[in-house]
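**Q** with the input below, show me the fold.
(chains A, B and C)
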Amino acid sequence: MKTNPGRYFEDYQLGEVLRHAVPRSIGPGERALYHALYPARAALYSSDEFARASGLAASPLDDLIAFHTVFGKTVPDVSLNAVANLGYAEGRWLKPVWPGDTLRAESEVIGLKENSNGKSGVLYVRTRGFNQHDEVVLEYSRWVMVKKRRDVPAADPVVPELKKAVAAADLVVPEGLDFSRYDFALAGEPHRWGDYAIGEKIDHIDGITVEEAEHMLATRLWQNTSKVHFDVTQREDGRRLIYGGHVISLARTLSFNGLANAQMIVALNGGAHANPCFSGDTVRAWSEVLDKAETPAPGVGALRLRLVAVKQGAAPFALKGEDGRYLPEVLLDLDYWALIPL
Amino acid sequence: MKTNPGRYFEDYQLGEVLRHAVPRSIGPGERALYHALYPARAALYSSDEFARASGLAASPLDDLIAFHTVFGKTVPDVSLNAVANLGYAEGRWLKPVWPGDTLRAESEVIGLKENSNGKSGVLYVRTRGFNQHDEVVLEYSRWVMVKKRRDVPAADPVVPELKKAVAAADLVVPEGLDFSRYDFALAGEPHRWGDYAIGEKIDHIDGITVEEAEHMLATRLWQNTSKVHFDVTQREDGRRLIYGGHVISLARTLSFNGLANAQMIVALNGGAHANPCFSGDTVRAWSEVLDKAETPAPGVGALRLRLVAVKQGAAPFALKGEDGRYLPEVLLDLDYWALIPL
Amino acid sequence: MKTNPGRYFEDYQLGEVLRHAVPRSIGPGERALYHALYPARAALYSSDEFARASGLAASPLDDLIAFHTVFGKTVPDVSLNAVANLGYAEGRWLKPVWPGDTLRAESEVIGLKENSNGKSGVLYVRTRGFNQHDEVVLEYSRWVMVKKRRDVPAADPVVPELKKAVAAADLVVPEGLDFSRYDFALAGEPHRWGDYAIGEKIDHIDGITVEEAEHMLATRLWQNTSKVHFDVTQREDGRRLIYGGHVISLARTLSFNGLANAQMIVALNGGAHANPCFSGDTVRAWSEVLDKAETPAPGVGALRLRLVAVKQGAAPFALKGEDGRYLPEVLLDLDYWALIPL
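**A** Numbers count the residues shown, from 1 in each chain, chains lettered A, B, ... in the order given. As a prediction, this is how the structure comes out:
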């Protein structure tokens, strides 16, 4: 058999390193597409001039371009037979990705725990994305539920200890970043680090009704091969499931309206794809400030933010029901750190 | 409140300069998307070699990429609460925009006139787009009807005097442009300046049925944040209104068939978005030659053209009814100057 | 009349050379769009680093980008009034196309044969695509059925002799290509030249449900002006016919799953667009190994492959019925040579 059937739960071994296929050079084309697919307006990722005034050599590629590219590489080895994408933790952006860079990815199996039904199990991987200089640009842990194919006995369960959030002291600020002469008018909003309070919630107001063509263009762009996003015959309801990362990027870019100065994502603390998103849904977003920190870089602060994507019918700032489960209108609950001028 | 509610009529002051947010670097990615979104075939904007043979350093970005990018920047400050986009005047392209350039924009309030109902008013702005060298690449006047939010007394009305058309003598030809060795076969049609007569009308024949995904990709690409283009909950009919600039670019690129050599737009004399365009409409275009002029540049003439976009059901060259109003099938009536080989 | 009505059968003369309009510079934007429109994952066209490790200066633009760009240029002169796209033969890729190259095209009329009904005829052309150095990057023969407009007597029929396949000895391997240190893990599959047997068939498993916006974006990107792809009023059934090249690229990129190492197309032996493809169809692909050859380049072998695209309802590996005609679910039957590591 020449084609890739994907791996099943029993095919993974603890400590194994999966070297993912198809390195990818990304540049101005991917950037333009990102800006066409999402309402991306963060000045640092929009303007070379703004980036230079902030101490960088040029405008790097959007943080989530790096994430989606690395994530896409892992799909054929990690989640082709996944039943569910369960969570993320300990994600950090370690180096900007510049136009022209080539990314590749590796994942180490850091945990395996068979479900009690014996038909599936939870796979934990630690993924790292590298540039052409073999520098790690991005790392994160992710766990997915994967089907078993054969009735083999499970090894002893190993569940990695993952931090609830990246500590502020562990955030990596891009070399040279300096917000001390930041132009708030050009960036689009006057709100600086000091204007945000822990516990504050922001309704980002804007909404986008999503189309099949858009999410498929995006998902192919990241070379994500998961069948359910492309092929109406893969699900009983005949619908194409929208790649969760498409919802992440929609919500993140919609959050510009109220968080225009939260320029760069530097850490991913956690995330849940609470409910599936389909074509025709109108996606909105709200944020909650979870924590605040200063950084050693001049003028650069950090906000820890909850980013929630919802669809039509959602009540303001509603997240979970009395049973503790996500409400059906909630699509995404993401926890991340972003850099913002002090 | 952290989000931008947009400005209302009473928030503008005569003479005020709005410095629009989010500078944008544009390049080969935006160009490729423009060519995917529209049937753009003008040789000067398609081929570096053709542009060099015409005296330019390389192929600049399409004139309407510059327009849409600058226009998009103005939306959050000028037209977020606009009821209608009423008109354009005195538009000029002053410098080519090259791949890699970074554009930003400013608008000066040049007129304010409250409507007799006291619930809205007409705002006139003079918008200028700048490149990273602070050179003005594009300027135009635009007026929109904006809602009032508060019941405050109106200032004395000021309506700017705007020329009906840019005078031929005021057209700016890009430095170095030389059509004296123009290759008509490579450009796609044999018709030169002398072949067009004032009053001549051209049916551009081709049509394009438009899709939701396309106009949203385009509108986001220009960082245009107007909600009605993206969100089905914004209008009572549940339809997404297509950005008027999408119709301008569709009509302009469809006009290649008959005006292949009218390479570069250099002035926008006026324009009306006569009726809304929706997904599923099939857009066609026709042109009328309104005026002709020579320019000081070698081999370079100018045509003043009316460009009319229509949808299905339109009669040939029909524009207005007996009541003097645009027919319901007319989407756009644009008046511009373009450069064409003598 | 200023617009192009297209040519009719009686307008062509044997030996005539059609110099096609609108040269096109292509680069990183077109590449990114290609990767968004199709699930393209061939490592050589994805990564500059992988291409350099294979002896090339950088990653060239995908072979089919060159094909579609050249093909698109021919449409206004060759197939605007075509009733059917009948076949391809003797296609060869002679030089890689690099980002920044400018392509133009010419076609020579090599055959003309009126149909017995006197209302149409078959036009044979030999098309060549050139880069900005006037080097031929691609050549192929193609024949189409074209309508007659006037009742003029037909010239004596001339049907060119076209080879059933490009001989292995005539394949042109890009200068410098060296697969002797090929990284199979990075490329995505372990299968090398020796692992494929003549007669072997591969089901590529994956499917993509196609959307109107996608095929129109693609078709415009190649400046293909054929009306039936864009305008719902062109066909009695009100459907937009999907450009056959869109199906070629879908099938070719879907074939990555099983043919990941068949990196570069170097010859097109033949091809038939067996049935039309419409929005909503789910496209799948299978391949058959038709022939194998070695090449003089280090570590580089060649496979001659049949690539079949099918839609929903197709039986495994089914191609033609008992009557010798393509089954209704078959969209494409393509015959090409690709380079693969030995």
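
**Q** what parts of chain A come near chain C?
**A** A:2-4, A:19, A:21-30, A:32-33, A:76, A:100, A:102, A:104, A:132, A:211-213, A:216-218, A:220-221, A:223, A:225, A:227, A:230-233, A:240 (C-beta under 8 Å from any C-beta of the partner chain). Using the backbone N, CA and C atoms, a C-beta is placed for each residue, glycine as well.

**Q** in strands only, show me those residues.
**A** Among the residues of chain A next to chain C, the ones falling in strands (DSSP state E) are A:Arg19, A:Arg24, A:Ser25, A:Thr102, A:Arg104.

**Q** going by proximity to chain C, name the top residue of chain A.
**A** Per C-beta to the nearest C-beta, the residue of chain A with the smallest distance to chain C is A:Gly29, at 2.6 Å.

**Q** still on that earlier bit, among the residues of chain A next to chain C, name the buried ones.
**A** A:2-4, A:21-30, A:32-33, A:76, A:102, A:104, A:132, A:211-213, A:216-218, A:220-221, A:223, A:225, A:227, A:230-232, A:240 (16 or more other C-beta atoms under 10 Å in any protein chain shown).

**Q** filter the residues you listed down to just the ones in helices.
**A** With helices taken from DSSP state H, the overlap with these comprises A:28-30, A:32-33, A:76, A:212-213, A:216-218, A:220-221.

**Q** in contact with the closest residue to chain B within chain A, which residues?
**A** Closest contact between chain A and chain B, by C-beta to the nearest C-beta, is at A:Ala32 (2.6 Å). Taking C-beta atoms under 8 Å, 6 or more residues apart in numbering or on different chains, we find A:Ala32 in contact with B:Ile26, B:Gly27, B:Pro28, B:Gly29, B:Glu30, B:Ala32, B:Leu33, B:Leu221, C:Gly29, C:Ala32.

**Q** thinking A:Gly129 is in contact with A:Ala105, fair?
**A** Yes. Here A:Gly129 reaches A:Ala105: they are 4.9 Å apart, a contact under C-beta atoms under 8 Å.

**Q** need the residues touching each of those two.
**A** Contacts common to A:Gly129 and A:Ala105, judged by C-beta under 8 Å, 6+ apart, are A:Val70, A:Lys73.

**Q** just give me the closest of the contacts of A:Ala32 to A:His273.
**A** For the contacts of A:Ala32, the residue nearest A:His273 by C-beta to C-beta is C:Ala32; the value is 25.9 Å.

**Q** who's in contact with the spatially closest residue to the closest one that is not a sequence neighbour?
**A** Among residues not flanking C:Ala32 along the chain, A:Gly29 sits closest, at 2.6 Å (C-beta to C-beta, 6 or more residues apart in numbering or on different chains). For A:Gly29, the contact set (C-beta under 8 Å, 6+ apart) comprises B:Pro28, B:Gly29, B:Ala32, C:Gly27, C:Pro28, C:Gly29, C:Glu30, C:Arg31, C:Ala32, C:Leu33.

**Q** change it to 7 Å
**A** Taking C-beta atoms under 7 Å, 6 or more residues apart in numbering or on different chains, we find A:Gly29 in contact with B:Pro28, B:Gly29, B:Ala32, C:Pro28, C:Gly29, C:Arg31, C:Ala32, C:Leu33.

**Q** check the gap between it and C:Glu10 for me.
**A** 43 Å (C-beta to C-beta, to the nearest Å).

**Q** next: A:Arg235.
**A** Taking C-beta to C-beta, one finds A:Arg235 at 53 Å from C:Glu10.

**Q** looking at those two now, which is surrounded by more residues?
**A** C:Glu10 (19 against 13; other C-beta atoms under 10 Å in any protein chain shown).

**Q** Provide the secondary structure category for A:Gly176.
**A** Counting by DSSP: H, G, I helix; E, B strand; the rest coil, the backbone at A:Gly176 sits in coil.

**Q** give me the neighbour count for it.
**A** 12.

**Q** repeat for A:Glu16
**A** Using other C-beta under 10 Å: A:Glu16 sits among 13 other residues.

**Q** what's the closest non-adjacent residue to it?
**A** A:Glu16 sits nearest to A:Val109 (C-beta to C-beta, 6+ apart), 4.7 Å away.

**Q** which residues does that neighbour contact?
**A** Residues in contact with A:Val109 (C-beta under 7 Å, 6+ apart) are A:Tyr12, A:Gln13, A:Leu14, A:Gly15, A:Glu16, A:Leu123, A:Val125.

**Q** could you redo the last one with a cut-off of 10 Å?
**A** A:12-18, A:78, A:123-126, A:158, A:160 (C-beta atoms under 10 Å, 6 or more residues apart in numbering or on different chains).

**Q** picking up where we left off before, quick check: the residue of chain A closest to chain C vs B:Asn4, distance?
**A** 30 Å.

**Q** one step back: closest to A:Ile205 among the contacts of A:Ala32?
**A** Among the contacts of A:Ala32, and counting by C-beta to C-beta, the member closest to A:Ile205 is B:Leu221, at 21.1 Å.

**Q** pLDDT wise, what is the residue nearest to C:Ala32 at?
**A** Looking at A:Gly29, its pLDDT is 98.

**Q** no more questions from me, cheers.
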